[in-house]
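[1] Here is my input; please provide its structure:
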Amino acid sequence: MPVLNRIADFAPDMTAWRRHLHQHPELSFDCHQTADFVAARLAEFGVDEVHRGIARTGIVAIINGKVPGGTIGLRSDMDALPIHELTGAAHASTTQGNMHACGHDGHMTMLMGAARYLCETRNFSGRVALIFQPAEEDAGGGQVMVQEGIMDRFAITQVYGLHNEPAIPFGMFHTTAGPIAAAVDTLFVTVIGKGGHGVMPETCVDPIVAMLAMITSLQTILSRNLGAADQAVISVTQVNAGSASNIIPETASFCATIRTFDATVQALIRRRVAEIIQGTAAAYGVAADITYDVGYPPTINHTANAALAAEVARQVVGAPNVNDACPRKMWSEDFSFMLQSRPGAFVLLGQGPGPSLHNPAYDFNDDVAPIGASFFARLVEAAQPLP
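    Residues are numbered from 1 along each chain as shown. Predicted coordinates:
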């Protein structure tokens, strides 16, 4: 694969950076040591500006090209997950209960590798804005960075993100025009009945029976309210009720994750969820308390930008290794907020077979880092070429 020669030269440095980051994972917005490490490397490379404290621990660094022009944004997430690592690697997490189980350590490394190359060569017009973003996993750090004005403050005109994917063959890129990752909403329901002795159910109002009816009925939204072409998922993921074998409890609760790609489908599901739960509650004589949290919106690639990203990927890994019409993913990404603010694209880079993302045995494949760094570097040169 035609990885840029200069990036290949410092691939061992990239491995060292990545493994240091892997050993010191931090969660959510609390990426203080991570930001210190990234900022130190960027200063060593000779970036022109480093702006810290955005979304608490986020960074935007600027590299100037050889002539004036627009500003392209390249984003990496920074945060880890609250998972106890089981890789057994020599570079395993030193923080009990936290690990980089989604490859954000690798994402930072790829963006730092591109930054080092771009600082050395500067074969592009305008500027590059390197965006290191905290809190992708749980708190919408991408939204916070946009709300704090990075797009206008740094005059970013287009923005791109990259995520590794073990389910894709090593070195293969996937992307697509339009939606590539789903919106995520979360449903919390508490069913309130009347508790009592399990041998006298006639004196109780059983919340468990009502809850089970609600859970079963929610699946009819997909089978009876949506068409076959409407892609959506409703999965009940937690159920809680009871404290003893001979007591009908006062309350029962459940939660569900809901994934969609289309705002109309999202709104229909939200409406039907409320109707089904309240209607079932009335039928069973219970009360229902509903919390419906609207989370990250769908990640929607802009057509021209996705085409550019795919063409650059073909230059790096060859046309047979690029799928520019890949299937949509049901997981979500807060890069979606950046794509709502500016045109751009999100791409996936295969790291080969192994444990899935968010698995305690997952580890980023260091061999893929030079490929991702070369993609970022070539993307800048293609999007903002010298005259």
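
[2] count of neighbours near G178?
    G178 is flanked by 14 other residues according to other Cβ atoms under 10 Å. For the C-beta atoms, the positions are set from N, CA and C on the backbone; glycine is no exception.

[3] shouldn't it be in contact with T299?
    No: in this structure G178 lies outside contact range of T299 using Cβ atoms under 8 Å: 9.9 Å.

[4] For R56, which non-adjacent residue is spatially closest?
    Counting by Cβ to Cβ, 6 or more residues apart in numbering, the nearest residue to R56 once its immediate chain neighbours are dropped is F29, at 4.3 Å.

[5] Name the residues that touch the strand or helix carrying I269?
    Using DSSP states H and E, the element containing I269 is helix 263-284. Contacts of helix 263-284 with the rest of the structure, by Cβ atoms under 8 Å, 6 or more residues apart in numbering, involve 183, 185, 187, 189, 191, 193, 205-206, 209-210, 213-214, 217-218, 220-221, 225-226, 230-232, 234, 258, 260, 287-288, 290, 292, 294.

[6] Out of these, list just those in strands.
    In strands, judged by DSSP state E, the following of these are found: 183, 185, 187, 189, 191, 232, 234, 258, 260, 287-288, 290, 292, 294.

[7] which two in these are spaced the farthest apart?
    A183 and A287 (28.9 Å; Cβ to Cβ).

[8] More neighbours: which of the two?
    The residue with more neighbours, out of A183 and A287, is A183; 23 against 15, by other Cβ under 10 Å.

[9] who's that one bridged to?
    Taking DSSP bridges, one obtains T260 as the residues bridged to A183.

[10] Equivalent analysis for T291, please.
    Counting by DSSP bridges, T291 forms beta bridges with F188.

[11] So it sits against F254, correct?
    No: T291 is beyond contact range of F254, at 11.6 Å (criterion: Cβ under 8 Å).

[12] Export the helix holding I269 to PDB, keeping only CA atoms.
    The C-alpha coordinates for helix 263-284 follow below in PDB (Å, rounded to 0.1, in the frame of the first residue of the first chain):
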ATOM      1  CA  ALA A 263     -35.900  12.500  11.200                       C
ATOM      2  CA  THR A 264     -39.400  11.500  10.100                       C
ATOM      3  CA  VAL A 265     -38.900   7.900  11.200                       C
ATOM      4  CA  GLN A 266     -37.400   9.100  14.500                       C
ATOM      5  CA  ALA A 267     -40.400  11.300  15.200                       C
ATOM      6  CA  LEU A 268     -42.900   8.500  14.400                       C
ATOM      7  CA  ILE A 269     -41.100   6.100  16.700                       C
ATOM      8  CA  ARG A 270     -41.100   8.600  19.500                       C
ATOM      9  CA  ARG A 271     -44.800   9.300  19.100                       C
ATOM     10  CA  ARG A 272     -45.700   5.600  18.900                       C
ATOM     11  CA  VAL A 273     -43.600   4.800  22.000                       C
ATOM     12  CA  ALA A 274     -45.600   7.200  24.000                       C
ATOM     13  CA  GLU A 275     -48.900   6.000  22.700                       C
ATOM     14  CA  ILE A 276     -48.100   2.300  23.300                       C
ATOM     15  CA  ILE A 277     -46.800   2.800  26.800                       C
ATOM     16  CA  GLN A 278     -49.600   5.100  27.900                       C
ATOM     17  CA  GLY A 279     -52.200   2.900  26.200                       C
ATOM     18  CA  THR A 280     -50.900  -0.200  27.800                       C
ATOM     19  CA  ALA A 281     -50.600   1.400  31.200                       C
ATOM     20  CA  ALA A 282     -54.300   2.400  30.900                       C
ATOM     21  CA  ALA A 283     -55.300  -1.100  29.900                       C
ATOM     22  CA  TYR A 284     -53.500  -2.700  32.900                       C
END
